[in-house]
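A.B. asks: next comes the sequence, and after it the predicted model I'd like to discuss.
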Amino acid sequence: MAGPVSAAIAYLLGSIPFGYLIVRWQRGIDVRATGSGSIGATNVLRNLGIAGFAATFLLDFGKGVAAVLLASRLTSGDPRWIAAAAVASIGGHCFPIWLKFRGGKGVATAAGVFAALAPAQVGMALALFALVVAIWRYVSLGSIVAAGAFPLLLYFVSHLPLPIVLAAAVSAAIIIARHGSNIRRLLSGTENRLGKKKAGVRSQKSEVSS
């Protein structure tokens with residue numbers, strides 16, 4: 001029973017909508033009705049500035065760390081259930097039961113999950129993210145490329161059990177799917193570049209990673 005319980009707890013941890021709660025507390029509005037419509041750190045940045053971004057990112061990152069560490073403790077380090085908890089916590093952030101399954105994009109929570117399991121590979125993925133953003137100035141593209149590359153980094157540059165690698169692949173697929181609108185704008189050439197402000201309604205704004 002410990003395994004299923006750990007996965008359920010991981011989902012519930014992941015589904016805590018910190019960005020939504022922080023913006024509701026500070027401004028009394030639903031963050032999903034602004035910017036990209038996400039509950040993640042980047043959309044909170046649009047509403048509360050860098051302090052709100054930092055608080056949301058750290059809390060979302062922390063719930064990912066907590067989910068896999070708790071699963072490891074409850075299951076005596078069983079990699080199958082740790083992998084299940086990893087995916088469950090990211091899924092919880094993206095599809096929180098408290099908000100009718102309308103959440104964020106999973107990047108910060110995934111970073112927390114895998115920082116606890118493979119910190120060196122997370123560092124490599126972050127370096128790749130920074131390189132892509134520095135060259136092309138698309139935060140969404142950096143997130144997509146880093147997410148796609150991460151399972152390969154685990155497979156080729158780690159000795160982690162196969163279930164963890166598979167969890168990384170599933171998590172990457174979720175994150176990339178959550179960036180579907182960004183991908184469409186990248187292909188059409190209408191995605192906003194970093195540092196470039198563009199007036200318009202919500203559909204015109206870049207839904208960068210959260």
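C.D. replies: Good, I have the coordinates.
A.B. asks: next, count neighbours for residue 18.
C.D. replies: By other Cβ atoms under 10 Å, 23 other residues sit near residue 18. For every residue, glycine as well, the C-beta is placed using N, CA and C.
A.B. asks: checking the residue nearest to it when sequence neighbours are not counted next. Helix, strand or coil?
C.D. replies: Distance criterion Cβ to Cβ, 6 or more residues apart in numbering; nearest residue to residue 18, sequence neighbours excluded, is residue 59 at 4.1 Å. With DSSP: H, G, I helix; E, B strand; the rest coil as the basis, residue 59 sits in helix.
A.B. asks: what about the helices in the chain?
C.D. replies: All helices of the chain, identified by DSSP state H, fall at 2-14, 18-27, 41-74, 79-94, 107-117, 119-136, 139-156, 162-178, 180-188.
A.B. asks: buried set for the fourth one?
C.D. replies: Of the residues in helix 79-94, 79, 81-94 count as buried by neighbour count, 16 or more other Cβ atoms under 10 Å.
A.B. asks: and what of stretch 66-80?
C.D. replies: Neighbour counts using 16+ other Cβ under 10 Å place 66-72, 74-75, 78-79 of stretch 66-80 among the buried residues.
A.B. asks: can you check stretch 50-63 too?
C.D. replies: 52-53, 55-57, 59-63.
A.B. asks: same deal with stretch 154-167?
C.D. replies: 154, 160-161, 163-167.
A.B. asks: now the end-to-end length of that stretch.
C.D. replies: Using Cα to Cα, to the nearest Å, one end of stretch 154-167 lies 10 Å from the other.
A.B. asks: what's in contact with it?
C.D. replies: 79-80, 82-84, 86-87, 117-118, 120-121, 124, 151, 168 (Cβ atoms under 8 Å, 6 or more residues apart in numbering).
A.B. asks: make TSV from the buried residues of stretch 50-63 and add pLDDT and distance to residue 189 to it.
C.D. replies: Listed next are the buried residues of stretch 50-63 as TSV, based on pLDDT from 0 to 100; distance: Cβ to Cβ, whole Å:
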residue	pLDDT	distance to residue 189
52	96	30
53	94	27
55	98	34
56	97	30
57	96	29
59	98	35
60	98	30
61	98	32
62	98	37
63	98	36
